[in-house]
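# Fold the following for me, if possible:
(chains A and B)
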Amino acid sequence: MKIITAIVIAAILYIVGSTVFFTLDQAEQAIIVQFGEPIGDVITEPGLKMKAPWQQVRYFDKRLLVWDGDVTQIPTLGREFILVDTTARWRISDPLQFLRSVRDEQGARTRLDDIIDSVVRDMVSSTDLEEIVRSQDWNVDVEQLEDPALAERDDVDLSQSPKLGRELLEQEILARAQRLMPELGIELNDVRIKRVNYIESVRRQVENRMIAERQSIAERFRSEGQGRSQEILGEMERELRSIESEAARQAEEIRGDADAEATRIYGEAFGADPEFYAFFRTLESYRTLGPNSTLMLRSDSDFFRYLEDIAAD
Amino acid sequence: MVQSNRRGSNALEDVLASLNTGQKPPRSVIGGIIVVFVLVWAGFTSFYTVQPEERAVVKRFGEVIGINDPGLHFKVPFGIDRVEFVATERVLKQEFGFRTTGSRGGRTTYSDAVLEDESLMLTGDLNMIDVEWVVQYRINDPIRFLYELREPTRTLRDISESVMRRVAGNRLGSEVLTVGRVEIQSEAREEIQEIMEQYRAGIHIITVELQDVVPPPVVQPAFNEVNEARQERERMINEAQKRVNQEIPRAQGAALRTVAEAQGYATERVNRALGESARFSAVLTEYRQAPEVTRSRLYLETLTQILPNIGQILVVQDGQTGPLPLLDVNRTGDRRREGEGSR
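Modelled structure (predicted):
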């Protein structure tokens, strides 16, 4: 019977122990609730705690929690429809307030959904897409681009740095959303834009534009190649002509000098007796006559006279 | 650790003491069995092993009381002490835009799933780009890792995506594709680390590594076309250059030849002049000795020399209308030349 007594005592001890003692995990904080009414301060220190057996304990997470928004389709100020996916981190900062206003995490999530979604929607639809994508320190030197054609986009101004930029936009979203948080007992740590993408139909357009852009660059490369090739060939032509004409000029000069020299030599030699030279040169030229030449002679020329003599012989 | 061990041995002594005192009064076999069972159970649940790459976070009644290094350790049983293991020494990895499914035969295999949502992002020029990357990290503070964030790994993923999109969005698409890689990696790493510090997440980011960075699939052929066009440009320039290299030396050679020919002409011309005038001067000297005789001799010599070649001689006389044929030496001349040739 002692065993039964021992078991009964053990059972009573266990029941008392489990209703009076409770453990609070490092990750948690708790509120003691008595007949639906929160009693005392929030317990944040972990460890073994005590309460009255008729009191209940409500546990709340102490850590940073993740809020992940739905992907929402929002038009920007420039009327492009984009898909925005936001993420946020929050914690239960005032469990009493939290318990009163939203009861539990499920309730908190739906409230956060409403608040953050609407703030994000407001902000995105009053902002240009560039502002959402680029950051405050956006700095692109249009002059330094790989291809100048890229700078001539009519839909995007590349050099314009954003008024806010992504970080400040996120901060602004956070600031606006935070205003409503104290009454929920929630501390919103940050709100971040996780993903931004075009909707399907806009995506096709952008892809087509990118293709056209690339093709124009390709075309530019090709014509640049042709241009450079023509330039090189033209330059070659110029050089060829310059080389040839320079050579021709030199050749003419050399010839001219030689001719002049020859003329001077002839002049010096023949000037000694021009009459004899004429005679001598005439005879020379007769010698160069080819076969079957026809010779025309005046009947009173010396040549004819001598010829008659030979014929008479 | 030392402290927890000491506490543990105290607790063990307490248990043994209560066991010794409890065993005497009932003297019952069943009671003994129960006590033995409890003892064995306690013994088995009082020890745990921490693996080399792990650290153990020990909690008593939910409160963290210490971290234990690898080895065999004691804890208070019956759920009073609880232990959580955190792999602090292991380098962990998060993949974005692709998934490693395992390794087969020494080669890593990747899932075929298209994770476009994860990898597709906008660049600063509002173009799209497909970026795959890896974040390598280590848990450097197990307590923070467990108790500052409820979902630290998911948070790390969210933040990595957000940061990578911000960094890529702050650059031109062409930059992200080509020269910006290293800068993007270090910028993203620093920014993710900074945010993790802010969360006190106990995570140390080792590296952020970009994997495939490509334009969207539909646009890729156009990108290839640009590369081809660039090659073509180089080819055209090279071909033109090649032609230049062929033609210019040739023209230079030809020019040298022209000049050399002219020089040859000049030399020849001057030499001829010198020679002819020397000859003339010599003849003139002789002629001056006996002008009349020499004149006739030269005439006759010349006639003798040229007559074989003459086909026809026309004699012109003043006062006559047409030329007067004197001799038709054509045939005789021919014959004579034949005769001379045979001689």
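# how many other residues sit next to residue A:11?
If you count neighbours by other C-beta atoms under 10 Å in any protein chain shown, residue A:11 ends up with 10. C-beta coordinates here come from the backbone N, C-alpha and C atoms, glycine included.
# can you pull the pLDDT of it?
Per-residue pLDDT puts residue A:11 at 90.
# again, but for residue B:318
Residue B:318 is given a pLDDT of 65.
# same thing with the one 4 residues further on?
Note for residue B:322: predicted pLDDT of 57.
# Residue B:234 too?
We have a pLDDT of 93 for residue B:234.
# I'd say it and residue A:222 touch.
No - with contact defined as C-beta atoms under 8 Å, residue B:234 does not reach residue A:222; the gap is 11.2 Å.
# what about the two, which has more around it?
Taking other C-beta under 10 Å, residue B:234 and residue A:222 do not tie; residue A:222 has more neighbours (17 against 13).
# so what's residue A:74 bridging to?
residue A:82 (DSSP bridges).
# ok, it touching residue A:85?
No - the criterion here is C-beta under 8 Å, and residue A:74 misses it with residue A:85 at 10.8 Å.
# okay, and the common contacts of these two?
Common neighbours of residue A:74 and residue A:85 are not found (criterion: C-beta atoms under 8 Å, 6 or more residues apart in numbering or on different chains).
# Now residue A:222. Nearest residue, chain neighbours left out?
For residue A:222, ignoring the flanking residues on the chain, the nearest one in space by C-beta to C-beta, 6 or more residues apart in numbering or on different chains is residue B:229 at 5.0 Å.
# now the one you found, what's its secondary structure?
Here residue B:229 is helix, with the state taken from DSSP: H, G, I helix; E, B strand; the rest coil.
# Count the neighbours of residue 112 for me.
I'll assume chain A. Around residue A:112 there are 24 other residues, counting by other C-beta under 10 Å.
# you looked at the wrong chain, it should be chain B
Residue B:112 has 8 nearby residues by other C-beta under 10 Å.
# How is it assigned, secondary-structure-wise?
For residue B:112, the assignment made with three-state DSSP gives coil.
# Over to it: give its phi and psi.
phi -80, psi -10 (degrees, to the nearest 10).
# Surely residue A:38 is in a strand?
Yes - looking at residue A:38 with three-state DSSP, it is inside a strand.
# Do a quick rundown of the helices in chain B.
Taking DSSP state H as the criterion, chain B contains helices spanning B:2-23, B:29-45, B:116-119, B:142-147, B:152-169, B:173-177, B:181-199, B:220-289, B:291-306, B:330-342.
# how close does the closest residue to residue B:272 other than its chain neighbours get to residue B:260?
Residue nearest to residue B:272 in three dimensions, not counting chain neighbours: residue A:262, with 7.1 Å by C-beta to C-beta, 6+ apart. When distance is defined by C-beta to C-beta, to the nearest Å, residue A:262 is 19 Å away from residue B:260.
# Contacts for the helix or strand where residue A:121 lies, please.
Assigned by DSSP states H and E, residue A:121 belongs to helix A:105-125. Residues outside helix A:105-125 that contact it (C-beta under 8 Å, 6+ apart): A:61, A:65, A:67, A:69-70, A:72, A:74-77, A:82, A:84, A:86, A:88, A:90, A:92, A:98, A:101-102, A:132, A:169, A:172-173, A:176-177, A:180-181, A:184, A:186, A:191, A:193.
# Going by neighbour count, which residues in it are buried?
Across helix A:105-125, burial judged by 16 or more other C-beta atoms under 10 Å in any protein chain shown covers A:108, A:111, A:112, A:115, A:116, A:117, A:119, A:120, A:123, A:124.
# related to what we said a few turns ago, based on its surroundings, how many neighbours for the residue nearest to residue A:222?
Going by other C-beta under 10 Å, the residues that sit close to residue B:229 add up to 21.
# repeat for residue A:103
Neighbourhood size, residue A:103 [other C-beta under 10 Å]: 11.
# is it true that it lies in a strand?
No - judged by three-state DSSP, residue A:103 forms no part of a strand; its state is coil.
# which stretches of the stretch 151-300 of chain B have low pLDDT?
For the stretch 151-300 of chain B, no stretch is flagged by pLDDT under 70.
# again, but for the stretch 1-150 of chain A
Within the stretch 1-150 of chain A, the stretches with pLDDT under 70 are A:1, A:141-150.
# What of the stretch 201-313 of chain A?
A:302-303, A:306-313.
# can you map out the strands along it?
For the stretch 201-313 of chain A, the strands defined by DSSP state E, counting those that start in this stretch cover A:293-298.
# Hey, what's the angle from the longest helix seen in chain A to helix B:220-289? Just curious.
Secondary structure of chain A per DSSP H: the longest helix is helix A:200-270. Angle of helix A:200-270 versus helix B:220-289, following axes from the mean of the first three to the mean of the last three C-alpha atoms, to 10 degrees, is 0 degrees.
# Does anything pack onto helix A:200-270? Which helices or strands?
With contacts taken as 3 or more C-beta pairs under 8 Å, 6 or more residues apart in numbering or on different chains; DSSP states H and E, helix A:200-270 sits against strand A:81-92, strand B:128-139, helix B:220-289.
# now with 10 Å?
When contacts are defined as 3 or more C-beta pairs under 10 Å, 6 or more residues apart in numbering or on different chains; DSSP states H and E, helix A:200-270 sits against strand A:81-92, strand A:186-198, helix A:274-287, strand B:128-139, helix B:173-177, helix B:220-289.
# Out of these, the one nearest residue B:195 is which?
For residue B:195, the closest of those is strand A:186-198, at 8.0 Å, according to C-beta to C-beta.
# Indicate each strand paired with the closest one and its parallel or antiparallel sense.
strand A:81-92 (antiparallel).
# What are the buried residues along the partner strand?
Result for strand A:81-92 [16+ other C-beta under 10 Å]: buried residues A:82, A:83, A:84, A:85, A:86, A:87, A:88, A:89, A:90, A:91, A:92.
# One more: stretch B:152-169?
Those would be B:152, B:155-169, for stretch B:152-169 by 16+ other C-beta under 10 Å.
# same question, stretch A:17-24
Applying 16+ other C-beta under 10 Å to stretch A:17-24 flags A:22, A:23, A:24 as buried.
# and the nearest residue to the last one once chain neighbours are set aside, what does it touch?
The one in question is residue A:24. Closest residue to residue A:24 apart from its sequence neighbours, by C-beta to C-beta, 6+ apart: residue A:46 at 4.8 Å. Residues near residue A:46 by C-beta atoms under 10 Å, 6 or more residues apart in numbering or on different chains: A:23-30, A:62, B:59-65, B:147.
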